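Peer 1: Fold the following for me, if possible:
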Amino acid sequence: MTSEEYGNRLPTWFHRANWAGGALACFAIGAYPLWQWGGGWGTGLWALFWVFMGAGAANNARLGLNSIHIPARFRKKEGSARNKASGA
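Peer 2: Numbers count the residues shown, from 1 in each chain. Below is the predicted model:
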């Protein structure tokens, strides 16, 4: 089963909520050092990076994109010896 097949089984609101949670986490990761240590070029770059990451996640939430990724090693392959032995 591919990521797309697995993700299509879930409702769109799940993917939107999953991406939105990621976006909020990114914004918090970026904002926390600024709040604790104040501005500086290092903390500014850190915050800028996480703002861009959060903006991308927020955009994916807005679009309702599939938020599920299944690594290739866990995908079922049709006709493989492992699946034949297990009866899958």
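Peer 1: Just after the longest helix anywhere in the chain, pick out the following helix or strand.
Peer 2: The longest helix of the chain (DSSP state H) is helix 12-37. Moving toward the C-terminus from helix 12-37, the next helix or strand (DSSP states H and E) is helix 41-63.
Peer 1: contacting residues for Ala58?
Peer 2: Going by C-beta atoms under 8 Å, 6 or more residues apart in numbering, Ala58 touches 19-20, 23. Yep, even glycine has a C-beta here, placed from its N, CA and C like the rest.
Peer 1: Run through the chain and note the low-pLDDT ranges.
Peer 2: Residues of the chain that meet the criterion pLDDT under 70 lie in 1-3, 77-88.
Peer 1: rerun at 90
Peer 2: Counting by pLDDT under 90, the ranges of the chain that qualify are 1-12, 14-15, 34-35, 37-40, 42, 64-88.
Peer 1: Spit out the contact partners of Asn60.
Peer 2: Asn60 neighbours (C-beta under 8 Å, 6+ apart): 19, 67.
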